[in-house]
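Engineer: No letters, just coordinates:
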């Protein structure tokens, strides 16, 4: 039933995607760089961003190499896992670097293009963002597939061991992504908060005013936080979810008889790779379709048109891949893929409802601003908590629907495989969500490019009319950034279940001592997919998962508060000590502010970055070597102490993931809602700019900043990291 | 090994406790009521509070009767469960009422006593608070024991069914408590926020100034929120945890052979009742020990002395009860009880560290106030998240230790009972924490009494020296209120595990169709204590548990924001439209503000109050009748569809409980820390009162208000309610 020769599409798609990214880069770079003044500002941003990235990658490299060495040492018989880890960390960082490199060159060109037409500015910024999107998706796909092929075909490893290598790659990618997202997130918000609080509120100068000493740091931050950070985030998402899906495909293959009788089911292992390869072409067409019909059209419409083209083509691609690879029940899997695509669209609308000024949530916050900052925060926090409801319901429905569709595909010969097929249904739905990843990431990176372009226009004192053009793009960029976060979080939620599945599949492989060639029944596998709540260790594991998310968020938010405090002191000092800044006769010391943000971010990212690695590792090792034996639990009374460690880790994974998704959704959407409540007031409601309501709304926006751009996005990565780390280290905790 | 004749202690202890409460009431009521002016203010508070309570109880009665009828209808063969539900709701409300009645009479007498000496004021307020403490504990104990005895001995029911009646009682108590805590919490904070924001910040008048139209509503709120609400909260805590422990004792009894051979193990069922009865005497001595050595002594020392006396005597009581009732391994259970007592002390110190001005967390927030309200909120939120760490670690250690001690008590004859004995160990530890409940509740109610006394002193313009006395007591009351919340939350965390145990015990009873007289092996019971993560429904159940906590918190916080907004508008209106208020020549319209808070609270409490009832019920019923069959999961391939519903509900319970504990701890401690950061600045740091840092700190305090006094404490009740509701309705979801 399966046609694995289709795999040839994978390297082709990866290379085509990179070539496409190169073409887009050429398109953008051919644009002019505007006036000398604009160029100078752009250069200052570029220099600051690159300098920061260099230092950040140095730190990440050091920590990664140390951790890579530990991994190689700990899971000693498998050195390739450590090597794959380093490669994953490298590729994740590389894709962040590429995205940012193009981004800091696109901002100035977008600013210049805005002087001519809105459409040209849109095309320049969106295509600049698409470079990031396609590089990330291509590198992630090529890495996973490359390692798998190299180990399996090149070095003739067992399928199982080849997949282990790919898991190491995903772990490396998550690990580097966590640091990139944390460091970038702290940098951008410390600079933003510092610039806003002193500049806007105390000195009363507008945003992006060149008299503000923190303005360059703020513009640099948009790049290192949003471009480099989110790029690394989606890089590891696609890698981790791809591998999780392959592991579930592997279970089906094994249940069919593995090497012995599973030839026909091999398509289940390759499907995730192939469908993503094909999905790249769908996103490509979607990106090319983004073009405004005329200067009056709403640019959001142009983006949506492209997005729907990408979604429709992805559906076609799913049909082809499922039909070729997934056996007789392929129509059910195709339907599961559609569920994923639909979920990604639904989440976009939900996020819009909660974070855009047209609807009740944002207006409620704006209304509360009339009675001061305290009620703004109280109401905003209430809205933030509320925004978790609809996404969770949507994810739950998609999860149940795709699982159900998967079970319907169960072969009549093997009714006992219904669970495995159900799991695979959710995996296919996740692939459906990720099919448009390149397009979505392009929309995301488009945000900071337009934000920067607006800053350059403002700082170089261009006419009001041009500023209005970039303002329109900037507002659109804020929306697309919020949507991407909703998308990333929903895909994490849907993927969480399949990653649990992958985790328990690994446990079963170890426990049942499965060798390739030994067929295993689905019931044998299924017997390990459980968590016994009768063990106190399991409850403790669950509590640890929850508290880890809280402490991680605490550290991320505190880092912003602390660094922003230093920034505020510095900006106040410059206003006080450097005469002539406010009159525009003296230039502020931008470099000093850039330095404060850099040092603050690099220092503060280390502890929250290693915490999610240390905690599961410590919990698992103490479970296996300390707690497990001494308690001597023996539920069935067979005289053999029960193994509770794998369940303790499973509970940590489940609760950590769910709490992480809830907190991230709350923070992303809450921050977005506060931001837009401020914009709603600035649009002239409740007294408009400079009214007391506006001052209160600025406080709300500032509080929301570390929520939506530091802690929230970092939690996306944390959730995925918890899955990949348990997959990598499972053989350490779970003793056969 | 067991001596169940000790049960006679239970009614005796209950009646003695009520008599003791009556004596304390006499002691307080004999005190004078101060000047006519003071009396008039006291009367205004009393009237407002009683009027609110009357309306609140009317609403609760209506909802309870409707729900009681539904329960009777749904679980039809057992009408006594519905009757017990109504009795539980009634007793819970009654104990709230008693506590508040004495409280609103104690405040004025404390104020008057403060004119003479600090010690007399301390004794008056603390003993007034103790009335609440002992009434609550006595009514809770008498209710649980009374129902159990009535059904078992009076009506000759099976033990199992008698326990079901007691579960209904606990559910009724939780249900009424949730409304009381929500309504009271919304009332108090809407009034407080409204009074503070306009009075302190806009008009620049001090707290409790008679010119503030919202001042009476604010003082009323302290009573209805803290006294009535917390009383109902601890009422249901002690009831629910007591019954959970009895259910686990019942499992042991059944495992020993039930009616047939379990006579010796019957002590395990009675132990929780008996030890609580004895614990009342320990708390009694503790309360009597509270007395300042001289006027210069720190009143906190006097309270601590009493608390340690109560703890030490509780330990003695535990030794006696364990030795009489818990068989050969009683020393291990005694040790588990000590673990619980020690945990309650440890939590007190941890809470103090996070919320008192002497240490890093509060100072960090105060420091952040220098850079404005935004950094105050950011840093405070980071601290709030951080405060979950140490409590969770402490609970985890206590849980593991007490479970381990329980397993050590496993009888040599029955090694397979180690799991049941382990569970019972955690139940004993929970009883240990609750042994001093009456004392702790006395400390809690002491808070609003002194707060009110301070308000009366301020409003009646007493000399500065007297105000300083009540200020000292008020500050102490703030601390004890924070400690009680930490205590309530930690006991909920510890109890959560035993309540899971009780839930799965019920499932096993239904699934194994256990009749009294049929012995059942521990392994048979243990086989049902699990949650299979392979089912998507289980993951969905877990997500629902988490999102329920978020939505509930959102509704509670929003209610405060909305009602406070109305209060602010009204106070502003009065300042604007009633001439002479600020000069003190015209009296503000206090009644209007009282009315706004009353109406706002009653309206807003309904939705969050019924949500935690509807969601588990809907989930369970849809699991049993919609999802379960149509998916046709069949893990072991035996051709019979697996029952996933009980696991789905179990997952909801686990994640809802853990997320609830985390969120409640975060909100309680975060709110306390913001409050004390403000007090720290008021003590003269960073510019003191009226400085910009102080204004920022007031915003932080205001944001913390609904956290620590509305959403946080309501979440305590929610967590317990989830347990009792699943216990009551388990027979609806889980089909034999």
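Structural biologist: Perfect, thanks for sending it. Since this is a predicted model, take the numbers as computed values, not measurements. Residues are numbered from 1 along each chain as shown, chains lettered A, B, ... in the order given.

Engineer: near chain B, which residues of the stretch 201-350 of chain A?
Structural biologist: residue A:201 (CB under 8 Å from any CB of the partner chain). For glycine as for every other residue, the C-beta is placed from the backbone atoms N, C-alpha and C.

Engineer: which residue ranges form the helices in the stretch 201-350 of chain A?
Structural biologist: Residue ranges of the helices in the stretch 201-350 of chain A, as given by DSSP state H, counting those that start in this stretch, are A:215-221, A:230-255, A:258-261, A:267-288, A:299-325, A:330-355.

Engineer: where among those helices is the average confidence lowest?
Structural biologist: Here the lowest mean pLDDT among these goes to helix A:258-261, at a mean of 66.

Engineer: quick one on the thing from earlier: save the helices of the stretch 201-350 of chain A as TSV, and put in mean neighbour count too.
Structural biologist: Shown next, in TSV, are the helices of the stretch 201-350 of chain A (neighbours: other CB atoms under 10 Å in any protein chain shown):
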stretch	mean neighbour count
helix A:215-221	30
helix A:230-255	29
helix A:258-261	15
helix A:267-288	25
helix A:299-325	20
helix A:330-355	23
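
Engineer: Among the ones you listed, which comes closest to residue B:28?
Structural biologist: Across those, residue B:28 has its closest neighbour in helix A:330-355 (51.0 Å, CB to CB).

Engineer: Tell me how many other residues crowd residue A:467.
Structural biologist: Residue A:467: 17 surrounding residues under other CB atoms under 10 Å in any protein chain shown.

Engineer: what about it, distance to chain B?
Structural biologist: Distance from residue A:467 to chain B, counting by CB to the nearest CB, to the nearest Å: 26 Å.

Engineer: Leaving out the residues flanking it, which one is nearest to that residue?
Structural biologist: residue A:457 (5.3 Å; CB to CB, 6 or more residues apart in numbering or on different chains).

Engineer: how about that neighbour, what does it touch?
Structural biologist: Residue A:457 makes contacts with A:38, A:111, A:114, A:466, A:467, A:470, as judged by CB atoms under 8 Å, 6 or more residues apart in numbering or on different chains.

Engineer: Please give the element, helix or strand, for it.
Structural biologist: Per DSSP states H and E, residue A:457 falls inside helix A:437-459.

Engineer: Now do the following helix or strand past that helix: distance to the chain's middle.
Structural biologist: Counting by DSSP H and E, the element after helix A:437-459 in chain order, helix or strand, is helix A:464-511. Remark: helix A:464-511 is offset 5 Å from the chain centroid, using CA atoms, centre = their mean, to the nearest Å.

Engineer: Just want the angle from helix A:464-511 to helix A:437-459.
Structural biologist: With axes from the mean of the first three to the mean of the last three CA atoms, to 10 degrees applied, the angle from helix A:464-511 to helix A:437-459 works out at 150 degrees.

Engineer: average pLDDT across the next helix or strand after helix A:464-511?
Structural biologist: Downstream of helix A:464-511, the first helix or strand assigned by DSSP H and E is helix A:522-526. For helix A:522-526, mean pLDDT rounds to 72.

Engineer: which residues of the stretch 551-700 of chain A fall in helices?
Structural biologist: Under the criterion DSSP H, counting those that start in this stretch, helices of the stretch 551-700 of chain A are mapped to A:590-604, A:606-622, A:628-631, A:645-682, A:692-706.

Engineer: re the thing from before, for the contacts of residue A:457, name the two members farthest from one another.
Structural biologist: Across these, the longest distance by CB to CB is 12.8 Å; it joins A:38 and A:467.

Engineer: picking that back up, compare the contacts of residue A:457 and tell me which has the most neighbours.
Structural biologist: Counting neighbours by other CB under 10 Å, residue A:111 comes out on top of the contacts of residue A:457 with 34 neighbours.

Engineer: residues in contact with that one?
Structural biologist: Counting by CB under 8 Å, 6+ apart, residue A:111 makes contact with A:34, A:38, A:42, A:121, A:452, A:453, A:454, A:456, A:457, A:460, A:462, A:470.

Engineer: give me the number of residues near the fourth one?
Structural biologist: If you count neighbours by other CB under 10 Å, residue A:121 ends up with 29.

Engineer: same question, residue A:687
Structural biologist: 14.

Engineer: and the residue nearest to it when sequence neighbours are not counted, what does it touch?
Structural biologist: Take residue A:687 and drop its neighbours on the chain: the residue closest to it by CB to CB, 6+ apart is residue A:693, 5.1 Å away. Residues in contact with residue A:693, defined by CB under 8 Å, 6+ apart, are A:366, A:369, A:370, A:681, A:686, A:687.

Engineer: now, which of these sits nearest chain B?
Structural biologist: Using CB to the nearest CB, residue A:370 comes nearest to chain B of these, at 8.1 Å.

Engineer: The closest one should be in a strand, yeah?
Structural biologist: No - counting by DSSP: H, G, I helix; E, B strand; the rest coil, residue A:370 is not found in a strand; it is helix.

Engineer: what's it in contact with, if anything?
Structural biologist: Counting by CB under 8 Å, 6+ apart, residue A:370 touches A:686, A:692, A:693, A:696.

Engineer: now those residues: which count as buried?
Structural biologist: Using 16 or more other CB atoms under 10 Å in any protein chain shown as the burial test, the contacts of residue A:370 include A:686, A:693, A:696 as buried.

Engineer: where does the residue nearest to residue A:687 land on pLDDT?
Structural biologist: So residue A:693 comes in at 93 (pLDDT).

Engineer: so how far is residue A:80 from residue A:168?
Structural biologist: As for residue A:168, its distance to residue A:80 is 7 Å (criterion: CB to CB, to the nearest Å).

Engineer: out of the two, which sits in the more crowded spot?
Structural biologist: Set residue A:168 next to residue A:80 and count neighbours by other CB under 10 Å: residue A:168 wins out with 29 against 20.

Engineer: Get me the contact residues on the stretch 451-600 of chain A for chain B.
Structural biologist: Residues of the stretch 451-600 of chain A lying near chain B by CB under 8 Å from any CB: A:493, A:496-497, A:500-501, A:504, A:521-523, A:526-527, A:529-534, A:536-537, A:539-540, A:542-544, A:546-547, A:550-551, A:553-555, A:557-558, A:560-562, A:564-565, A:568-569.

Engineer: rerun that using 6 Å as the cut-off
Structural biologist: Contact residues, the stretch 451-600 of chain A versus chain B (CB under 6 Å from any CB of the partner chain): A:497, A:500, A:523, A:526, A:529-534, A:536, A:539-540, A:542-543, A:546-547, A:550-551, A:553-554, A:557-558, A:561, A:565, A:568.

Engineer: Can you list which of these are found in strands?
Structural biologist: Residues of those located in strands (DSSP state E): A:530, A:531, A:532.

Engineer: For residue A:720, list the residues it contacts.
Structural biologist: For residue A:720, the contacting residues are A:174, A:236, A:237, A:240, by CB atoms under 6 Å, 6 or more residues apart in numbering or on different chains.

Engineer: Name the spans of chain A whose pLDDT lies under the cut-off.
Structural biologist: A:1-4, A:75-77, A:259-262, A:514-520, A:522, A:627-640, A:736 (pLDDT under 70).
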